[in-house]
Structures are given as structure tokens and as C-alpha cells.
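1. Fold the following and give me the result.
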Amino acid sequence: MSHRFADKIALITGSSRGIGRAAALAFAKEGAALIGVHYTANADAADTTVRDIEALGVKAVAVEADFRHGKDAADSLWAQFSEAALTEMGSTALDILVNNAGIAPALPLKQTSEAVFDEVMTINYKAPFFLMQAVADHIRDNGRIINVSTGFTRIAAPTHPAYAGSKGALETLTLALAPEFAGRGITVNAVLPGVTETDMNAEWLASPDARAGAEALSVFSRVGRAEDVADVIAFLASNDARWTTGQMIDATGGARI
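-> Just a heads-up that it's a prediction; the model follows:
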């Protein structure tokens, strides 16, 4: 078995389900030391993910934070996780941060209220911004920061303008921060998933017409799996990606190329 993440401490937001959960399990299968499983409301899902990680012989801890509260939530999340890391590992150091949590309301321009816009920007951009600020002094040399964006920054998405805009901001931030962290060998990259088989997409993908349309987007003529994206995240989190930073890595399955 590969141990690319031996002795590594990772925190993955939105990791009780979907892509975040798949990334957590990918890290665990390759020998991570401790994984923080962040969730917003579904404690049962987070506990299940923690148990599945522990079944692989890796320590894990569930941490709750509602990113609708922006900086306060980011600071609370880091405080909770650093305390747990100190207890479990004797250190508050961090090796890998994956900013995966997000929401994607399907609302066109005219139907997007200010409240919805603010919520999307707070969860998808403001909270990751301040979480990176909170952990900046704790990430060890040669660490990794990976932001999960969306293929909708490359493909026009008039059904999701607020979502696409928030992720565009996150990509710009990824580029802006890469030089700041580079002095310590820390890389900062973004992954752009396409339509992926997750709980968040389950309802609309249940429609045969919607699924057919989603499958047609990819040159592989299928909907992505969480593991497809998680494996790209795992690559960027590994030493194999040490010479890659400030990049937006497309993981859409070749959507509309």
C-alpha cells in the first residue's frame, strides 16, 4: 500500500459527504496521521466518515462550523481542530488544507436575491479566505492548500451566476496566494470539478433528461464520481505535485472541450 501521506495532518472542509468525504478516504488509504472531517449540520454523516477513516487505521475527528458565519466560523473551525490535533498528535501543525465546502443554488440572475448572493459568497469565498488566514502560520513547510472550485468558471453557467462568481473569486485568490506561501515550499492550487455524482446533485440527476444532459457534457459521456475528483486532490496534496502551484486543474472529464 502507498503511504504518500504518512505522518500528514489534513483538514478538509465539507468532508462528511461527496467529494470531501472521498478525499478524506483517499488520504486515509495512503497513510495520513490525522484527518479533520468538517461538517455543517449532518453530524451523523460526519461520524460515519470518521468511523470509515478509523477503520483504515487513521485517526480522525469531526469538527462543526457553519460557514454562513464567515470569519467567525473559520476561526471556530481552526480552534476546534487545532485543539483536537494537539490532543491527538501533540502539535497544532497542519500539512494539508482542502477548502471543499460550498453551496450551489441554481438561480439565474433575476431570481437571485441579495440574501442568497451574500450566503453564497460567504460560504464559498469569505469563509475559505479567513480559514486560510487562520491556518497560515500553522501549515508546515512543504504543505498543501487546495481549493475546490467548479468547471462553471470555464463553462458559461447562466443558471448559477452567483455560484460561478464566488468560485471565480476563489480561483483568483488561489493565484494571489501562491507566491505568498511559496517561500516555505507550500503550494496553493484549485481543482475544478464538473457534474459529479454527489448528494448535492442527486435530486436533479434523478431526472433522466437532466442526467443525459450532464453525461453529454463530458467527452467520456458520463457523470463524474466523487473519487474521480478526490484522486486529483490527492495528487495535488502529495509530494508528486511539489512543482505545481497557482494552478487551476480541470477535473470536469473534459466538459465541452
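2. Gly143 contacts Val98, correct?
-> No. Applying C-beta atoms under 8 Å, one finds Gly143 not in contact with Val98, separated by 11.6 Å. (Each C-beta comes from the backbone N, C-alpha and C, glycine too.)
3. out of the two, which sits in the more crowded spot?
-> Set side by side, Gly143 and Val98 show more neighbours around Val98, with 30 against 23, by other C-beta atoms under 10 Å.
4. ranges for the helices of the stretch 1-150 of the chain?
-> Taking DSSP state H, counting those that start in this stretch as the criterion, the stretch 1-150 of the chain contains helices spanning 18-29, 43-54, 70-89, 114-121, 127-135.
5. how far off helix 114-121 does the longest one point, in degrees?
-> Angular relation of helix 70-89 and helix 114-121 on a 0 to 180 degree scale: 30 degrees, by axes from the mean of the first three to the mean of the last three C-alpha atoms, to 10 degrees.
6. Can you name every helix or strand that helix 70-89 contacts?
-> strand 9-12, strand 34-39, strand 59-64, helix 127-135 (3 or more C-beta pairs under 8 Å, 6 or more residues apart in numbering; DSSP states H and E).
7. quick one: buried residues of stretch 2-20?
-> Using 16 or more other C-beta atoms under 10 Å as the test for burial, stretch 2-20 gives 4-5, 8-20.
8. Out of these, the closest to Val229 would be?
-> For the buried residues of stretch 2-20, the closest approach to Val229 (C-beta to C-beta) belongs to Ile19, at 4.9 Å.
9. Now tabulate the helices and strands packed on helix 70-89 in TSV and tack on distance to Gly70 and mean pLDDT.
-> Below are the helices and strands packed on helix 70-89 laid out as TSV (distance: least, C-beta to C-beta, whole Å; pLDDT from 0 to 100):
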stretch	distance to Gly70	mean pLDDT
strand 9-12	18	98
strand 34-39	15	98
strand 59-64	15	98
helix 127-135	6	98
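10. Tabulate these (a markdown table), appending distance to Gly90.
-> Output for the helices and strands packed on helix 70-89, formatted as a markdown table (distance: least, C-beta to C-beta, whole Å):
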| stretch | distance to Gly90 |
| --- | --- |
| strand 9-12 | 11 |
| strand 34-39 | 11 |
| strand 59-64 | 12 |
| helix 127-135 | 18 |
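11. tell me how far stretch 3-16 is from the chain's mean position?
-> In terms of C-alpha atoms, centre = their mean, to the nearest Å, the centre of stretch 3-16 is set 11 Å apart from its chain centre.
12. First-to-last residue distance for that stretch?
-> Stretch 3-16 has an end-to-end distance of 23 Å (C-alpha to C-alpha, to the nearest Å).
13. Of the helices of the stretch 1-150 of the chain, flag the one that's most buried.
-> helix 18-29 (a mean of 26; mean count of other C-beta atoms under 10 Å).
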